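> Sequence unavailable; structure follows:
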Ligand code: APR
């Protein structure tokens with residue numbers, strides 16, 4: 001078997017990869033998520049004005065995500081790890097990549113199963129599927145808030161993510177509209193000339209995708225196809 005194990009595949013994923021696991025995407029639902037206006041609950045202003053509603057929104061999402069199972073797209077990416085050095089960079093706050101078995105998962109926008117103190121963003125605790133209530137505090141006495149990146153907040157993981165993309169031999173994008181910055185800018189860090197693939201049932205917008213291979217399928221079908229294609233190109237029997 002050729003030694004592809006040292007080749008690095010960077011995979012940028014978004015809400016579309018979890019759609020077939022029953023978790024709604026953002027823009028396909030017109031910015032409304034289970035009746036909540038995302039812009040009204042995923043911002044620091046919303047937290048200041050109405051923290052109760054913000055917590056309810058994330059408690060609901062946390063419960064849904066904890067009950068969701070990875071689909072064949074998450075599983076195909078985990079399988080690629082048997083042959084390649086795979087780095088997942090996800091905008092998703094669910095843990096379906098981890099549930100599928102992926103080892104290297106960087107969460108750009110945080111994680112639903114974690115909470116942190118409002119007084120110290122480094123004081124992060126695991127809460128699993130449990131809800132956060134007003135009055136639940138971290139050990140420094142600060143109210144717990146979801147460990148997610150809201151619109152208008154810094155994205156501390158963007159720099160390590162950009163480094164990972166800059167070291168990639170192959171770049172893959174699955175199920176993201178790539179309209180939200182700074183995540184959308186990550187593809188610019190890819191070394192010139194590397195193979196680039198996108199799996200999305202819609203036509204990608206707003207970017208020059210000419211040098212990308214577009215697998216125009218839902219992730220559940222498209223990602224396993226992509227896995228087979230990459231294995232074939234490296235003469236590996238999956
Ligand atoms: N398989 C693959 N792709 C799909 C599927 C599917 N089954 N269903 C939808 N898609 C595609 C859509 O065509 C679209 O390109 O997934 C993408 C979803 O885009 P968005 O809803 O914009 O989600 P995402 O790109 O992850 O959003 C980025 O915005 O709201 C914020 O912080 C939030 O992380 C999120 C960020």
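Happy to help now that I have it. Computed from a predicted structure; not experimentally measured.

> going forward, measure contacts and count neighbours with C-alpha atoms only.
OK.

> So residue 73: helix, strand or coil?
Assigned by DSSP: H, G, I helix; E, B strand; the rest coil, the conformation of residue 73 is helix.

> Check the burial of it by counting its neighbours.
Residues within reach of residue 73, counting by other Cα atoms under 10 Å, total 27.

> correct me, but it touches residue 223?
Yes. The criterion here is Cα atoms under 8 Å, and residue 73 meets it with residue 223 at 4.9 Å.

> Nearest the middle, which residue of the chain would you pick?
When Cα atoms, centre = their mean is applied to the chain, the residue found nearest the centroid is residue 90 (2.3 Å).

> Next, please give the residue ranges for the strands of this structure.
Using DSSP state E, the strands assigned to the chain run over residues 8-13, 32-33, 36-37, 85-90, 105-107, 110-117, 124-126, 144-148, 170-174, 196-199, 213-215.

> and the residue nearest to the centre of the chain, what is it in contact with?
Neighbour list for residue 90: 11, 12, 13, 14, 105, 106, 107, 108, 109 [criterion: Cα atoms under 8 Å, 6 or more residues apart in numbering].

> swap the cut-off to 6 Å and go again
12, 13, 14, 107 (Cα atoms under 6 Å, 6 or more residues apart in numbering).

> of all the residues you listed, which comes closest to the ligand?
Using Cα to the nearest ligand atom, residue 14 is the member of those that sits closest to the ligand, with 3.3 Å.

> where does that closest one land on pLDDT?
On pLDDT, residue 14 comes in at 96.

> Same check on residue 3?
60.

> just residue 34 next, same as before
Reported pLDDT for residue 34: 72.
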